[in-house]
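>>> take a look and give me a structure for this.
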Amino acid sequence: MVGRKVPEETRREDMLRAAYDVAARQGLEALTLRSVAARADVSHGTVIFHFKRKHELAAALLDRTLYATAVMRVPDAVAQITRPSERLHALLRSEMDRLSTDPRHFRLFLEYWTIGVRNAAIRRKIRLALESYRKALATLASPLVTDELASRGRRATEEPAVTAEGVASVAVSLIHGCALQAVIDPKGFQALRTAAADVTAPISNAGRSVVSFFGGIGEGIGDYWRAGAQNSELRQQLADAQRELNRRRTLDYENQRLLALLGLARETNDEVTTARIISSSFQSPRRLGTLSAGSSSGVTPGMAVRNADGLIGRVLESGRWAARVLLVTDGASNVPVRSVRDGTAALAVGRGDGTVELRTLEVGQNPFRRGDILVTSGSGGLFPPNIPVATVTGQAGERAIATPIADPARLDFAIVERIYQPAAAGDLNAARPVQPAPPVAGPPQAPASRPPATPR
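Down below sits the predicted model:
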């Protein structure tokens, strides 16, 4: 028995339903003639017979989407309500419930909206559909506006504060806004539905009509934009104040450092010059720095380099306008130090990793404690005594590890001091006289040897 042939309109409707299922589940990008054929369980040629190209299928699906999202549905129960305010309230609730129950309709509407930004034909279709939607709502809102004008004693020829078209525009925004919330945040939309019941409820019994409510929305939007402009101005003022505060803090910090450096320069008697620290290495094995002063300023190799915090290092080599500094953390640096706590002497040897190792004169002992401060001892003749050098931060068996107090990476200026030589800089008249050694007549003589005994 031959089966009854399916009408072409029915087959076309089946394929549109299949296209809607594909687009709703996977988006418009996944909408192809073959995917629709597979979903509708028909051949690829059958789909091509009804829709020659993909854009024809997408255009037909747009009509279906706009019919679901931008065509007014007035249920019989709503149409039978005689009071205009209650009828509008019931219609708004009905439309919000209809669009939010199945968010897939509005999700497709948003996809077409995005494409319509660049596609004039799709944009025109969406605009016409929304205009028709607003006109339908304006027709229902018109009796409401008329009643409001009559209750206020205003003539129809006067320009009303709120028009039916204005009420319809706000209503469409409210309906589509709730639908958008249902798409993006379904859980949050449940709370929004409860709030929407209060927003759309008729309040004429309390002395205000729905028209007055929408008029208040207009004023509220104006206040919102005015508040937004004021907030933007206040944010700009706050940003300007923050920049000024940062500038003042920077100047205060700079003044504190310069004052500390000035005080150090006044206390230092052997200052050669004050120079800027141009750079310092912290990633290479060598720990070196560069000063913006050289031999033209009296800087020579061996001079101590320090700042208000403590010892930075010593001049390794000097050019005409710049000098290279061997930092205390370099592996070739050795600084005689002593502990402030008990005077224990040690040698601070750079480790090349930003720290120094303390080596005491007595093997097998580690007299240092965490937090001990070490200063230069003055031994060796290079560094003046009592310059802060490092703080003990850890112990490893017989060794103690310390971190330099002065970090050249955070410093701008430094003072170069002369080589510390107490004996050479002292008064010669105050030196002890040297006792001369007694004269030596000649080398000592060996005792005479006895002749061998004669045997008997």
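>>> doesn't Val71 lie inside a strand?
No - if the criterion is DSSP: H, G, I helix; E, B strand; the rest coil, then Val71 is coil and not within a strand.
>>> quick one: Asn119 from Phe383, how far?
78 Å (CB to CB, to the nearest Å). The way it works is simple: take the backbone N, C-alpha and C, and place the C-beta from them, glycine included.
>>> next, the buried residues of stretch 334-344.
Asn334, Val335, Pro336, Val337, Arg338, Ser339, Thr344 (16 or more other CB atoms under 10 Å).
>>> and of those, the nearest to Arg17?
Comparing the buried residues of stretch 334-344 against Arg17 with CB to CB places Val335 closest, at 86.4 Å.
>>> using the three-state scheme, assign the closest one.
strand.
>>> where along this protein do the strands fall?
271-280, 288-291, 304-306, 311-318, 323-327, 334-339, 345-350, 356-360, 373-376, 388-396, 399-404, 413-417 (DSSP state E).
>>> what number of residues lie near the closest residue to Val325 other than its chain neighbours?
Sequence neighbours aside, Gly289 is the residue nearest to Val325 in space, at 4.1 Å (criterion: CB to CB, 6 or more residues apart in numbering). Each residue near Gly289 was counted by other CB atoms under 10 Å, and the total is 25.
>>> pretty sure Gly289 is touching Arg324, no?
Yes - using CB atoms under 8 Å, Gly289 is in contact with Arg324, at 7.3 Å.
>>> which pLDDT value goes with the closest residue to Leu361 other than its chain neighbours?
Nearest residue to Leu361, sequence neighbours excluded (CB to CB, 6+ apart): Ala345, at 6.0 Å. If you check Ala345, the pLDDT there is 86.
>>> could you do Ala121 as well?
In this model, Ala121 is scored at 85, pLDDT.
>>> what sits against it?
Ala59 (CB atoms under 8 Å, 6 or more residues apart in numbering).
>>> relative to Asp342, how far out is it?
Computed with CB to CB, the distance linking Ala121 and Asp342 is 90 Å.
>>> follow-up on the earlier one: nearest to Leu62 among the buried residues of stretch 334-344?
Closest to Leu62 out of those is Val335 (81.2 Å), distances taken as CB to CB.
>>> show the contacting residues for Glu8.
His50.
>>> which regions of the stretch 101-250 of the chain lie under the pLDDT threshold?
In the predicted model, the stretch 101-250 of the chain carries pLDDT under 70 at residues 148-162, 185-229, 250.
>>> mind running it again at 80?
Low-confidence segments of the stretch 101-250 of the chain, defined by pLDDT under 80, span residues 101-106, 141, 143-164, 166-168, 171, 173-235, 239, 242-250.
>>> show me where it has its helices.
Taking DSSP state H, counting those that start in this stretch as the test, the helices found in the stretch 101-250 of the chain are 103-116, 120-152, 164-184, 186-200, 210-267.
>>> show me the chain divided up by domain.
Annotated domains of the chain cover 8-220, 270-422 [automatic domain parsing].
>>> could the ones you listed be laid out in TSV, adding distance to Gln236?
Formatted as TSV, the domains of the chain follow (distance: least, CB to CB, whole Å):
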stretch	distance to Gln236
domain 8-220	24
domain 270-422	32
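>>> quick check: mean pLDDT across stretch 60-72?
pLDDT averaged over stretch 60-72 gives 83.
>>> what residues does it touch?
16, 19-20, 23, 31, 51, 95, 99, 105-106, 108-109, 112, 122, 125-126, 129-130, 132-133, 136-137, 176, 179.
>>> do stretch 316-329 as well
275, 278, 280, 287-296, 299-301, 305, 311-315, 332-333, 335, 348, 350-356, 389-390, 404, 408, 416.
>>> pull out the buried positions in it.
For stretch 316-329, the neighbour count (16+ other CB under 10 Å) marks Leu316, Ser318, Ala322, Ala323, Arg324, Val325, Leu326, Leu327, Val328, Thr329 as buried.
>>> what about the residue nearest in space to the middle of the chain, distance to Tyr420?
Nearest residue to the geometric centre of the chain (CA atoms, centre = their mean): Ala239, 16.7 Å. Distance, Ala239 to Tyr420, by CB to CB: 51 Å.
>>> with Gly289 instead?
From Gly289 over to Tyr420 (counting by CB to CB), the distance is 20 Å.
>>> weed out the non-buried ones from the contacts of stretch 60-72.
Buried by 16+ other CB under 10 Å: 16, 19-20, 23, 31, 51, 95, 99, 105-106, 108-109, 112, 122, 125-126, 129-130, 133, 136-137, 176, 179, out of the contacts of stretch 60-72.
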